[in-house]
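Visitor: Show me the folded form of this:
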Amino acid sequence: MNNLSRKRKKSTSAQSDEDISSTNSEKNTFDSEHPVTATITVGAIEVPELTDDELRDRLHLERKVERAFFEAGKALAELRDRRLYRSTHRTFEEYCKDRFSYTYRHVNYLIAGSVIVDNIKMGTNSSQNEQVEEMGTNSSQILPTSEVQVRPLAKLEPQQQQQAWQRAVKQAGGKVPSGRLVKDVVQTIMERTRVPNTYQIGEVCQILVKDNPDLRGKGGCWCIVSHVREFSCTVRTWDGELTVGLKHLKSFNYLPAECQQVQEICDRINKVDSTKLEESVQRFLESLAKLKRACLTDLEAKVLSLLELETGG
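Guide: Numbers count the residues shown, from 1 in each chain. Prediction:
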């Protein structure tokens, strides 16, 4: 009786295993030649196409992103020029640092970048004989999408900036070029258009900013050439030394005696200048740095002498 029961159980168990095997074979396709390969069918997920309204919204938002640095530069320039920060901050630099957490150099890069974009747009519009009001609205008008892309162009004149950008776009296959590609194009143009350095040590020149953010605040100041290189000069100013490209210098054509007088004024200001000076005194020294003559008036000389006495300069 017990043996018969065991046989029935084994038979039932065997039949159950066959049913499971049969069921699994129906769900999956098994490759007898490649035992580790199985094909599992997954239903396709349908992705709805964008509607015309969605396409317009996407393009509009993309243009906003691309235009962000340009709009920021234009806004910062207006805030600076109209001094709209004056009710809360003493200087524009302090305002940008507190309000936007921007360094002064970054602010200058953004402002200079917006000017360069305007130059590029002007050249593109002229070549196409049409006025494009919104950045990127014409498929043939490829414009910068970041400040890094236009930074190298600051070394060129406005007309050269347009040519360099168009050349970079062409090399990028009609797409927005990288900052590295723009820099390479600018370097090539500069090598072809460089002129020999004719400045001499001791010569007094005027500093020209020309959209170079590194020279911001130095525009119009006199400087004295202290070292001559092939395509740049190291110059002394009223508050230190800096290296300046040839296009950022303009000689005053002073006589040797006049150059010597400016050298003496520079030495005296350097000894007096200090960050501890009151703002009004600092402004006086800065005004001397923008003189368009090689000598001081009697009153200017007296005030400078008084400062020398007070500071021990």
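Visitor: by contact count, what packs against the top helix by length along the chain?
Guide: Longest helix of the chain, by residue count under DSSP state H: helix 52-81. Helices and strands touching helix 52-81, by 3 or more Cβ pairs under 8 Å, 6 or more residues apart in numbering; DSSP states H and E, are helix 92-100, helix 104-128. (Glycine included, C-beta is placed from N, CA and C.)
Visitor: Compute the inter-axis angle for the shortest one and helix 104-128.
Guide: Angle, helix 92-100 to helix 104-128, by axes from the mean of the first three to the mean of the last three Cα atoms, to 10 degrees: 90 degrees.
Visitor: Please save the CA atoms from helix 92-100 in PDB.
Guide: The C-alpha trace of helix 92-100 is given here as PDB (Å, rounded to 0.1, in the frame of the first residue of the first chain):
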ATOM      1  CA  PHE A  92      31.000  99.000  -9.100                       C
ATOM      2  CA  GLU A  93      33.500  96.300  -8.300                       C
ATOM      3  CA  GLU A  94      32.100  96.000  -4.700                       C
ATOM      4  CA  TYR A  95      28.600  95.900  -6.100                       C
ATOM      5  CA  CYS A  96      29.300  93.100  -8.500                       C
ATOM      6  CA  LYS A  97      31.000  91.100  -5.900                       C
ATOM      7  CA  ASP A  98      28.200  91.400  -3.300                       C
ATOM      8  CA  ARG A  99      25.200  91.200  -5.700                       C
ATOM      9  CA  PHE A 100      26.400  88.600  -8.200                       C
END
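Visitor: what about Gly240, neighbour count?
Guide: Gly240: 9 surrounding residues under other Cβ atoms under 10 Å.
Visitor: on that earlier part again, which of the helices and strands packed on helix 52-81 sits closest to Val185?
Guide: For Val185, the closest of the helices and strands packed on helix 52-81 is helix 104-128, at 13.0 Å, according to Cβ to Cβ.
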